[in-house]
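Participant: kindly generate the corresponding structure for this input.
(one chain, ligands or ions: 1)
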Amino acid sequence: MEEAKHSNMGLTVKKSENFSEWYTQAIQKAELIEYGSVSGCMILRPYSYAIWENIQSYLDAKFKKTGVKNAYFPLLIPEKLFQLEKEHVQGFNPEVAWVTASGDSQLTERLAIRPTSETIMYDSYKKWIRSYKDLPLKINQWVNIIRWEFKNPVPFLRTREFLWQEGHNVLATKEEMDKDVRTYLEIYKKAYENLLAVPIIEGRKSEREKFAGADYTLSVETLFPNGKAVQGATSHALGQNFARSFGISFLDKKQKKQYPWQDSWGFSTRSIGIALGVHGDDKGLVIPPRVAPHQIVIVPIYFSKQPGYNEKIRKLAKEVEDGLVKMGIRVESDLHDDNSPGFKFNKWEIRGVPIRMEIGPKDVDENKVVLVRRDNGEKIEVKTGEVNAVVLETLNKIHDNLFNRAKLYLQAAQKKVDSIEVLKDIVGKGQIGFGAWCGNQDCEENIKDQTGGTKSLNIPFDQPNLAEGQKCSFCERKAQYWAYFSKSY
Ligand SMILES: [Zn+2]
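Facilitator: As a prediction, this is how the structure comes out:
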């Protein structure tokens, strides 16, 4: 019976052979999500919600250091507010879900379920901002979002409902806004690198790909093992567009009326899917240690042939657990004696717990434990007195190993391209093309048509020099900068 369960638990596909099937199986067998009854709406089970809570607490502290305060704005947005910023409404309209009725009666005005909160928040900002003394205004909210996607849903990565934070700042000058937009992108970059162990490419979105209603959008992007890029987070410079549409203005020190400058920035549960997709392996998930709900799982190897040993094993397990918890380490103890160690190893491997600790009769005799790393299978024997220090060090080593492995992959995938044909070939291999580019929307449209859906990822901040008179790699125009292109989610 147990062996049958055992074999059911494992994944039936290899990550390298069928990434999307691997991804779907891995996150379900690890009990991260359940499909909801409406297509594209996912249930975040406790194990994935705990990852989100760890991400939240990291980001929330970083935001607050920049002077941001949290608030909550309503889910429903009256249509007339939603229509105020023209480009914004055009960009979002196809994805907006509307509330049109209550009971059997039609509403007199349709209400949008928030696809993002610029419009509802700025309607209040207009009332709150009068003078330069009211600036900067920095507000964030942690909420859910509905965007009615029609493409195939992919848990975490593309769903109709998701969780995120959206920050909305108002500043007196363009210089402050330009700096602010970079500040939050930097926080997102560090969240990916230092928390989720995911390397990213940072830069500015093209005109075609920027946020609807923004002056410009900055993004962090990474590459999945299936050769598709995925956008990790965005920070938008909204300029004065929304301030003018919503009538937000302030009196400066000379009592002159000015329009303020705004930005908005968001980080969503998509980040969980990105970390899982980047790090997992054929055995299942590998959860990056700094967000893992359980950073270490203790698995006793019971030994019933000699009386007294199981008691000693339990006692040592409890001592070690107490010590680790005191250090702030998140520990799970799997002390049940109705499942075999092999069953438990399998279970926690699929769930991607960074370290497994084994405690058997020999360990009790020798006052030691065995640690097994999830990322590379390495076994480490540790004296019980050194467990705390070695576990802390090993969690950091796992983080570094995951990050470095992914970074090598991301770097190796970047190839210079000098024509649409070469770009098509590169993205066909699941790589990222890097080309000199004119930046024009119709050029990007043409690239997309000629290569089966390739899009620009971003225009990196670190720009190699362009040659004198260098032309666009994809049309006859003059190149403006270098940019990344690939297939993407
Ligand atoms: Zn061009």
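Participant: tally of neighbours for residue 195?
Facilitator: By other CB atoms under 10 Å, 19 other residues sit near residue 195. In this view, the C-beta of every residue, glycine as well, is placed from N, C-alpha and C.
Participant: for the helix or strand where residue 276 lies, C-alpha coordinates in PDB please.
Facilitator: Using DSSP states H and E, residue 276 sits in helix 270-279. Extracted C-alpha coordinates of helix 270-279, given in PDB (Å, rounded to 0.1, in the frame of the first residue of the first chain):
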ATOM      1  CA  ARG A 270       4.000  35.300 -10.500                       C
ATOM      2  CA  SER A 271       7.400  35.600  -8.700                       C
ATOM      3  CA  ILE A 272       6.600  32.300  -7.000                       C
ATOM      4  CA  GLY A 273       6.100  30.500 -10.300                       C
ATOM      5  CA  ILE A 274       9.300  32.000 -11.600                       C
ATOM      6  CA  ALA A 275      11.400  30.800  -8.700                       C
ATOM      7  CA  LEU A 276       9.900  27.300  -8.900                       C
ATOM      8  CA  GLY A 277      10.300  27.100 -12.700                       C
ATOM      9  CA  VAL A 278      13.900  28.200 -12.600                       C
ATOM     10  CA  HIS A 279      15.100  26.000  -9.700                       C
END
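Participant: and whichever residue of the stretch 101-250 of the chain sits closest to the ion, which of the three is it?
Facilitator: Here the residue of the stretch 101-250 of the chain nearest the ion is residue 206; by CB to the ion that distance is 10.8 Å. What DSSP: H, G, I helix; E, B strand; the rest coil gives for residue 206 is coil.
Participant: that one: what's it in contact with?
Facilitator: Contacts for residue 206 (CB atoms under 8 Å, 6 or more residues apart in numbering) come out as 439, 441, 444, 456, 458-459, 483.
Participant: quick check: buried residues in stretch 128-140?
Facilitator: Neighbour counts over stretch 128-140 (16 or more other CB atoms under 10 Å) mark 129, 132, 135-140 as buried.
Participant: against residue 406, how distant is the residue nearest to the spatial centre of the chain?
Facilitator: Nearest residue to the geometric centre of the chain (CA atoms, centre = their mean): residue 271, 1.3 Å. Separation of residue 271 from residue 406 (CB to CB, to the nearest Å) stands at 14 Å.
Participant: what does the chain put close to the ion?
Facilitator: Contact residues (CB under 5 Å from the ion) of the chain with the ion: 438, 443, 472, 474-475, 477.
Participant: max pairwise distance over those residues: which two?
Facilitator: Within these, 474 and 477 form the most distant pair, 9.0 Å apart (CB to CB).
Participant: for the ion, give me its nearest residue in the stretch 251-400 of the chain.
Facilitator: residue 263 (28.5 Å).
Participant: what strands flank whichever strand or helix holds that residue, and is each parallel or antiparallel?
Facilitator: Per DSSP H and E, residue 263 falls inside strand 261-268. Strand pairing for strand 261-268, using DSSP bridges, gives strand 161-171 (antiparallel), strand 229-239 (antiparallel).
Participant: the last one - what's its average pLDDT?
Facilitator: Confidence over strand 229-239, taken as the mean pLDDT, stands at 98.
Participant: so that strand versus helix 270-279, what angle?
Facilitator: 150 degrees (axes from the mean of the first three to the mean of the last three CA atoms, to 10 degrees).
Participant: just the CA trace of strand 229-239, in PDB.
Facilitator: The C-alpha coordinates for strand 229-239 follow below in PDB (Å, rounded to 0.1, in the frame of the first residue of the first chain):
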ATOM      1  CA  ALA A 229      11.400  34.700 -21.000                       C
ATOM      2  CA  VAL A 230       9.200  35.800 -18.200                       C
ATOM      3  CA  GLN A 231       8.600  39.300 -16.900                       C
ATOM      4  CA  GLY A 232       9.400  39.400 -13.100                       C
ATOM      5  CA  ALA A 233       8.100  42.900 -12.000                       C
ATOM      6  CA  THR A 234       7.600  46.400 -13.400                       C
ATOM      7  CA  SER A 235       8.000  50.000 -12.200                       C
ATOM      8  CA  HIS A 236       6.200  52.600 -14.300                       C
ATOM      9  CA  ALA A 237       7.000  56.300 -14.700                       C
ATOM     10  CA  LEU A 238       3.500  57.800 -15.200                       C
ATOM     11  CA  GLY A 239       4.800  61.300 -15.800                       C
END
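Participant: which helix or strand lies directly C-terminal to it?
Facilitator: Next in line after strand 229-239, if elements are assigned by DSSP H and E, sits helix 241-246.
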